[in-house]
Each structure stands twice: as C-alpha cells, then as structure tokens.
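K.L.:
here are the coordinates; sequence isn't available:
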Ligand SMILES: Nc1ncnc2c1ncn2[C@@H]1O[C@H](COP(=O)(O)OP(=O)(O)OP(=O)(O)O)[C@@H](O)[C@H]1O
C-alpha cells in the first residue's frame, strides 16, 4: 500500500489552478523528487499535503487515513514533517531548543508551553535534551547546542531544520528545495545525509529540488509538474529522456541533446 496517495487533488487561487487533478502515489521507504519549472505548483502541492491549504477537490490519504480537513499540527502528528524553501527556525532560540520544539508536535501545546512544561519535569527534560543533542550530531552539527539558531552559518541552519523535522519521528519527510543556496560540497554532504536518513531510519523522503545533480543522484523516482499538472513520472533515466519534460523545461521545439545542461 502506498504511504501517501493523492487522488485528483486540486488547489485553486482565484482564477489560477495551481494544482490540477494530481494523482500521485508514494511507496514507503523511497526517495522521490518532485521537479518542474518555476510556478509549476510544487510548493502548493506540499502546502496542500501538510494542511497549510485545504484542497479544493480530491483526496489525500496518508498511512491509510484521509488528511483532508486536518490542521498542520494534526498532520504533523500523523507522521509528516517538513522543511521550508526559506529557512524557518526560531532564530532567538538555541539549536537544542529548536530541535525540542520539533520533538513535541505530538503534544497539543505551543512550543513555548512545551518548553515551560519541560522545565517542570527535569528528568523528561534531560531525556529530551539528550535526544536533541544526538539528532544535532546525526545531522552533522557538533558543539553548537547552545548557540542561537540565527548565529549558525546558512548550511548549518539547513541541517538544523532537518534535525527539527526528524525530532518528530516522522514516517515521511518533505524537503522543499533543501539544497538551495548550498555550495557543491554542502550539497554533496546533505545529499548523503538524506540517503542515510532513509537507510538508517526507514523514513520515506519526498523532495522538491531545482538542482538536477541532487535530483538525478538521489531519486529513485521522479514526478514532474508543469502548470499545476503532473506531466510525467518515472526513473531518472526515463525522466531525462522524456520529450514532454524536455519541452516543459525548454519550451516547444526543444530537441534531445539541448536539454542536457538543465536535466543533466
Ligand atoms: N497563496 C497564493 N495565492 C495566490 N497564488 C498562489 C499562492 N501560492 C502560489 N500561488 C501561485 O500558484 C502557482 C504555483 O506556485 P508554487 O509556488 O506552488 O510553484 P512552484 O512550482 O513551487 O514554484 P518555484 O519552483 O518557483 O518555487 C504560481 O502561479 C503561484 O504564483
């Protein structure tokens, strides 16, 4: 059974159909990418999956249950964690505190209340902090637990977002342009991290990414969107040579061979 399934999902903004009857299935344990030109609807699709937007039609089923009508915190509690295109950390909180926030999506408390609550229960706090430090180290951050998140370099902030997302023990991790703004070495390192998250923890990963080196390197399956529709899906090799995908990226008249820089 698919871990995540969408059936004819729609999202409309005024006169613009941002997501048009998208049917998508994600098998458990896979690493899958969603690609497509700017404005194709990729982030809107993520926002619809995670309850930021309610779909205007269609079904979204996760782990055998419908997500339609649930709030983002309820969807997170069902096992979907995400990172954002623009980093969204609590800049004035420490690295460890940011991870602790992620750990408590299963409780119906605000992040602040969670932290205050934790302070009352020292043993629980120590255990949670211990887990947060381990997660911090797992994503490759060392010795920065007490630093304010805003003071970390960019690449480290991206890693911290991933640690916070993992803190919720998700079944599915959604990553929105995780390699954006990273240099080639950081990109390679973070790609390795994603693979180990899947291999070590069995977490299914769905990512939106523009960097085709990352996409082609890590994806077992790729879904391509254009103008709100799913226009293709398949293995990296199939996607590279799909005429409809080449056309979406380069426009009508594009021929195989000319697309290689963009789709590698
Ligand atoms: N809240 C909104 N209100 C109105 N229109 C929106 C809203 N969010 C997205 N859109 C529009 O929906 C379309 C899809 O946008 P979306 O951000 O999902 O695309 P994308 O594929 O993620 O693009 P990019 O790769 O540039 O991030 C665009 O035309 C965008 O302008």
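P.N.:
Received the coordinates, thanks. These figures come from a predicted structure and were not determined experimentally.

K.L.:
hey, let's count contacts and neighbours off CA atoms from now on
P.N.:
Fine.

K.L.:
okay, now residue 51: neighbour count?
P.N.:
For residue 51, the count of nearby residues is 19 (other C-alpha atoms under 10 Å).

K.L.:
thought it was touching residue 71?
P.N.:
Yes. The criterion here is C-alpha atoms under 8 Å, and residue 51 meets it with residue 71 at 5.3 Å.

K.L.:
Return the distance of residue 100 relative to residue 181.
P.N.:
26 Å (C-alpha to C-alpha, to the nearest Å).

K.L.:
Between these two, point out the one with more neighbours.
P.N.:
More neighbours surround residue 100 than the other of residue 100 and residue 181, with 25 against 12 (other C-alpha under 10 Å).

K.L.:
That one: what's it in contact with?
P.N.:
115, 128-129, 132, 164, 167 (C-alpha atoms under 8 Å, 6 or more residues apart in numbering).

K.L.:
Quick one: low-confidence residue ranges for the stretch 101-250 of the chain.
P.N.:
For the stretch 101-250 of the chain, the stretches with pLDDT under 70 are 105-123, 250.

K.L.:
let's go with 50 and repeat that
P.N.:
Filtered on pLDDT under 50, the stretch 101-250 of the chain yields the residue ranges 108.

K.L.:
can you map out the helices along it?
P.N.:
Secondary structure of the stretch 101-250 of the chain (DSSP state H, counting those that start in this stretch): helices located at 111-120, 122-138, 154-167, 184-201, 212-218, 236-240, 243-250.

K.L.:
Please say whether there is contact between the last one and the ligand.
P.N.:
No. Against the ligand, helix 243-250 shows no contacts by C-alpha under 6 Å from any ligand atom, the least distance being 11.8 Å.
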